[in-house]
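Participant: just coords:
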């Protein structure tokens, strides 16, 4: 389970360290993909397989299904940790997520997100403002 948030500096080669407590989950590699917001999502291989299965179940005859599959899979990169527990973030993902110098790595239970620090701060404001409304909407569905 991925929990918490951590700040790291991206180096000149576009590498960031993965928090030590998360590295074991990524020892067999990881999949990096664009998030729906301006962030990068990292999945362990077994979690990525579950995501891929859900996408495979979408009807290929629907344009929305094809678009979301394109959005997701065309931006996916298969990466590995180096000997120091870092990954090199691909340029297309860094550009999409507007990553500059400092990133925030946020645990999301089964995956982690990487955010530019400024964008993360804006997202935190939205989360703080809307959390109670989102929670109530889940209750209404139960």
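Facilitator: Yes, it's here. None of the values given here were measured: they were computed from a predicted structure. Residues are numbered from 1 along each chain as shown.
Participant: show residues contacting the helix or strand containing residue 120.
Facilitator: Here residue 120, judged by DSSP states H and E, is contained in helix 117-141. Outside of helix 117-141, the residues within contact range by Cβ atoms under 8 Å, 6 or more residues apart in numbering are 5, 7, 37-39, 97-98, 100-104, 106, 115. Quick note: C-beta positions are derived from backbone N, CA and C, even for glycine.
Participant: strands - which of these land there?
Facilitator: 5, 7, 102, 103, 104, 106, 115 (DSSP state E).
Participant: correct me if wrong: the last one contacts residue 100.
Facilitator: So the one you mean is residue 115. No - assessed by Cβ atoms under 8 Å, residue 115 is found out of contact with residue 100, at 11.0 Å.
Participant: low-scoring stretches of this structure, by residue?
Facilitator: The chain contains residues with pLDDT under 70 at 139-142.
Participant: can you pull up the most central residue in it?
Facilitator: residue 41 (1.2 Å; Cα atoms, centre = their mean).
Participant: helix or strand: which one has that one?
Facilitator: Assigned by DSSP H and E, residue 41 belongs to strand 40-43.
Participant: and residue 72, by the same measure?
Facilitator: Going by DSSP H and E, residue 72 is in helix 63-73.
Participant: ok, residue 82 next?
Facilitator: Short version, using DSSP H and E: residue 82 is in no helix or strand.
Participant: for it, list the residues it contacts.
Facilitator: Contact partners of residue 82, counting by Cβ under 8 Å, 6+ apart, are 15, 88.
Participant: picking up where we left off before, how far does the helix holding residue 120 sit from the chain's center?
Facilitator: Computed by Cα atoms, centre = their mean, to the nearest Å, the separation of helix 117-141 from the middle of its chain amounts to 17 Å.
Participant: repeat that for stretch 55-65.
Facilitator: Stretch 55-65 sits 22 Å away from the centroid of its parent chain (Cα atoms, centre = their mean).
Participant: residue 22: how many residues sit nearby?
Facilitator: 20 (other Cβ atoms under 10 Å).
Participant: next one: residue 120
Facilitator: Neighbours of residue 120 (other Cβ under 10 Å): 23.
Participant: likewise for residue 26?
Facilitator: When neighbours are defined as other Cβ under 10 Å, residue 26 has 20 of them.
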